[in-house]
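In: Could you look at this predicted model? Sequence included:
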Amino acid sequence: MAIITFLSDFGSRSPYPAAMKAVASAICQATFLDISHDVRRHDVREGAYLLFAVVPYFPVGTVHVAVVDPGVGTARAGLIVTAGGQFFVGPDNGLLLPAAHRLGKITVYRIQNPAYFHSHVSPTFHGRDIFAPVGAHLARGVPPGEIGERVEEYVDLDFGRGVWEDGSFLGRVVYIDPFGNLVTNIPGEMVQGVWNHGDLIVVESRKWSIEVTFAPSYGFVPPGQFLAAIGSDGFLEIAINQGDAARELGAAVDQEIRVKGIRADRETLSR
Amino acid sequence: MAIITFLSDFGSRSPYPAAMKAVASAICQATFLDISHDVRRHDVREGAYLLFAVVPYFPVGTVHVAVVDPGVGTARAGLIVTAGGQFFVGPDNGLLLPAAHRLGKITVYRIQNPAYFHSHVSPTFHGRDIFAPVGAHLARGVPPGEIGERVEEYVDLDFGRGVWEDGSFLGRVVYIDPFGNLVTNIPGEMVQGVWNHGDLIVVESRKWSIEVTFAPSYGFVPPGQFLAAIGSDGFLEIAINQGDAARELGAAVDQEIRVKGIRADRETLSR
Amino acid sequence: MAIITFLSDFGSRSPYPAAMKAVASAICQATFLDISHDVRRHDVREGAYLLFAVVPYFPVGTVHVAVVDPGVGTARAGLIVTAGGQFFVGPDNGLLLPAAHRLGKITVYRIQNPAYFHSHVSPTFHGRDIFAPVGAHLARGVPPGEIGERVEEYVDLDFGRGVWEDGSFLGRVVYIDPFGNLVTNIPGEMVQGVWNHGDLIVVESRKWSIEVTFAPSYGFVPPGQFLAAIGSDGFLEIAINQGDAARELGAAVDQEIRVKGIRADRETLSR
């Protein structure tokens, strides 16, 4: 049975996620899985990160319907993106792109064929009337080329990649999870090439600076203490063991950070 | 495979929604879908609205188990309501009625046959011990007449319908969604018969009055600006593009509103 | 089709619950049910209670993947526990034990065989990389002995059981539900042996003392009034009809309470 996932900023208190699944359930039998419906409202980047975080773990054939869509009903297009045998359906505002890129080469279609929409399309709810039914038709095997037309232009979105410069990593915070952990865009394998577990490193933004231990996981430092670890998505993460690092630091998504080793010789040692 | 939906005010932090699905899963194979478990506690009207909003999109045969039930364990009855080939199970307090009426002619049964209940019925949790198992039995094909007895008396609930009077629409707020959008009971097709997109209209309650643009969707006015649109359930909705209209206005469910065009001639023009 | 449930403190705003289901969905076809992902973070006892509350209602063969895991990545073991034909998978910190004990005799395995893990194991996310895939393999019929080794030592957890002493019940608060109801560890059948519905009883902790009616359910006292009832899990519960008892009392989980009848003769009457 095909899998259709749903992601939105509709809120789990609202009827809108269920409306999308209702429409899909009338079109095909599938396993419905929620990624989250509590994306911060209109926060396309947060939605994009959640999708990015989970897609490598889904089987080929999975269809992802994602709707964080402040431009609903305006001229913004709707897209189908395919990559690595998975399908992404949603608005053309960048939401789908980081996840799709993570799976490899992408192909993008602009949704056009109303034969695959709900019979009545509300200009305020394309999630229910366009994206969910299109996702359900893809799940039952309709080829994307039947529903849309291939395009080369679309709104792209990229979390960037931290870089090594003058003995430091420069990057930014791309996601703050509900634990208050700061997920950065600094690739774990780069960090592991420079420091060893147990090393002291300094993490600083324009507003704060902390000295932390680079550790394998949270429980390696005492509760309440900062640490840096390679998070589960493979990027450097700043956390407090059993605490909320984002609140403690006043950190925010998109904040630039610089990370450097306390001992300067580390730099030459390992690269 | 049949679909069983669940709606409650139990809270997604509680074990109670899962307990209902556990009981149902031991009785039948079905696709379980949550409408929401974060209805404001004991708010029968909000629960009724969520159910009302989604039912037209579900296929024939769907069973809805809905539990917002401040009177659990008292003499209030439990109901099965059928309409349009769908089934509704829950307390006799109005919760199921707006949704059922939306699907057409309704038939109401008072739940009576304990053979279809859980073996032990807790007086504080009929959701798990009566409504979920009854819903599961309906999903596997047991006729409602086996489980209950047809009745003509039950607690009804109606959101009303806005009316046209002296050049204005009179209605009320029936739902405030997590975005802070005010959903009214003024039918969209009535509004569209009077005003055109781009017209300025005045929306007023006893406590506030605003001048807004009647627009096809949110993104047609600048961020932060009020608008009126036909919402996705077909009713006039007051919103702020990327903002929270309910908070800004201090609006509340059930508040009466009056909506009129700025230019008086509109009235004669279109009706 | 097998059932796999998921419980965690990851938060429904996070991508982590979906990541666990993604991994499981690539291993087996199953019905996925969430118990909750909004357990208070790192609150092993609250997670344990939620699991405890629902397991008797699930069919034989159900697999429960539960992750409240402040020690992730450290030396703490991962467990499979079997009881009553159901399976529990999660960290060795007590989380799984009350639920398993509730089903009868338990057998405990320490997870060891990486052939059943995800290909890459992140030290910060065993839920996705160990517990979810192990759960999925159990759901498709792999015997627990293939995945782990039987052990006799593990972290146990017990909510205790209220006792009758000097004419009172002594117990403690084990869970506060989203309604603010205080669930205690005083067994309902003991209470029912002593008092009758309608009796006045006194409930006191070190910080508060209230006089309440022992009632069959919430709606038997006027809105806003305290009551005691046998809750849906079979334990004495303190509640306010349509109110929040925990907030009103400033009650907390683990608080000791003493419950006694107002009339002393009740004691001799019934035991």
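Out: That came through, no problem.
In: for whichever residue of chain A sits closest to chain B, what are its contacts?
Out: Using Cβ to the nearest Cβ, the closest approach of chain A to chain B is made by residue A:73 at 2.5 Å. Using the backbone N, CA and C atoms, a C-beta is placed for each residue, glycine as well. Residues in contact with residue A:73 (Cβ atoms under 8 Å, 6 or more residues apart in numbering or on different chains) are A:123-124, A:126, B:216-220.
In: my guess is it is in a helix, correct?
Out: No - per DSSP: H, G, I helix; E, B strand; the rest coil, residue A:73 lies outside any helix segment and is coil.
In: Farthest-apart pair in the contacts of residue A:73, please.
Out: A:126 and B:220 (14.5 Å; Cβ to Cβ).
In: Nearest residue to the residue of chain A closest to chain B in space, please, no chain neighbours.
Out: residue B:217 (2.5 Å; Cβ to Cβ, 6 or more residues apart in numbering or on different chains).
In: so the residue sitting nearest the centre point of chain A, which of the three states?
Out: The residue lying closest to the centre of chain A (Cα atoms, centre = their mean) is residue A:49, at 1.5 Å. Assigned by three-state DSSP, the conformation of residue A:49 is helix.
In: ok, now the one 3 residues further on?
Out: Under the three-state scheme (three-state DSSP), residue A:52 adopts helix.
In: quick one: the nearest residue to residue A:122 once chain neighbours are set aside from chain C, how far?
Out: Spatial nearest neighbour of residue A:122, excluding adjacent residues (Cβ to Cβ, 6+ apart): residue B:232 at 4.1 Å. Using Cβ to the nearest Cβ, to the nearest Å, residue B:232 is found at 23 Å from chain C.
In: Report how many residues lie close to residue B:232.
Out: When neighbours are counted by other Cβ atoms under 10 Å in any protein chain shown, residue B:232 registers 27.
In: wait, doesn't it sit right on residue A:126?
Out: No - when contacts are counted by Cβ atoms under 8 Å, residue B:232 is not listed as touching residue A:126 (9.3 Å).
In: which bits of the stretch 101-250 of chain A sit near chain C?
Out: Neighbours of chain C within the stretch 101-250 of chain A, by Cβ under 8 Å from any Cβ of the partner chain: A:177-179, A:216-220, A:223, A:229-232, A:234, A:237, A:241-242.
In: Check the stretch 51-200 of chain A for the residue nearest chain C and tell me.
Out: residue A:178 (3.1 Å).
In: the strands in the stretch 51-200 of chain A, which residues?
Out: A:63-67, A:78-83, A:86-91, A:106-111, A:148-150, A:163-165, A:168-176, A:182-187, A:200-204 (DSSP state E, counting those that start in this stretch).
In: And these: which comes nearest residue B:67?
Out: With Cβ to Cβ as the yardstick, what comes closest out of the strands of the stretch 51-200 of chain A is strand A:63-67 (27.8 Å).
In: could you dump that closest one to CSV, C-alpha only?
Out: Coordinates of the C-alpha atoms in strand A:63-67 are reproduced here as CSV (Å, rounded to 0.1, in the frame of the first residue of the first chain):
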residue,chain,number,x,y,z
VAL,A,63,4.1,10.8,-1.8
HIS,A,64,4.6,13.9,0.3
VAL,A,65,1.9,16.5,0.4
ALA,A,66,3.2,19.6,2.0
VAL,A,67,1.3,22.9,2.5
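In: What mean pLDDT does it get?
Out: In this model, strand A:63-67 carries a mean pLDDT of 98.
In: Could you list the paired strands of it along with their orientation?
Out: Paired neighbours of strand A:63-67 in the sheet (DSSP bridges): strand A:3-8 (parallel), strand A:86-91 (parallel).
In: Next, format the ones you listed as a markdown table and append distance to residue B:256 and mean pLDDT.
Out: As requested, the strands paired with strand A:63-67 are exported to a markdown table (distance: least, Cβ to Cβ, whole Å; pLDDT from 0 to 100):
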| stretch | distance to residue B:256 | mean pLDDT |
| --- | --- | --- |
| strand A:3-8 | 31 | 98 |
| strand A:86-91 | 36 | 98 |
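In: Can you say which of those strands is nearest to residue B:41?
Out: Short answer: strand A:3-8, nearest of those by Cβ to Cβ, at 23.8 Å.
In: buried set for the closest one?
Out: Buried residues in strand A:3-8, counted by 16 or more other Cβ atoms under 10 Å in any protein chain shown: A:3-8.
In: which other residues reach stretch A:200-211?
Out: A:195, A:212-214, A:226, A:228, A:238, A:249-251, A:255-263.
In: mind listing the helices for chain A?
Out: With DSSP state H as the criterion, chain A has helices at A:16-25, A:44-54, A:97-102, A:126, A:132-139, A:144-147, A:188-192, A:245-249, A:265-270.
In: what's the least confident stretch among the ones you listed?
Out: helix A:265-270 (a mean of 38).
In: Assess the claim that residue A:6 and residue A:68 are in contact.
Out: No - applying Cβ under 8 Å, one finds residue A:6 not in contact with residue A:68, separated by 11.7 Å.
In: Can you tell me which residues in the stretch 101-250 of chain A are near chain B?
Out: Near chain B, when you scan the stretch 101-250 of chain A using Cβ under 8 Å from any Cβ, you find A:118, A:122-125, A:128-129.
In: can you rerun that using 6 Å?
Out: A:122-125 (Cβ under 6 Å from any Cβ of the partner chain).
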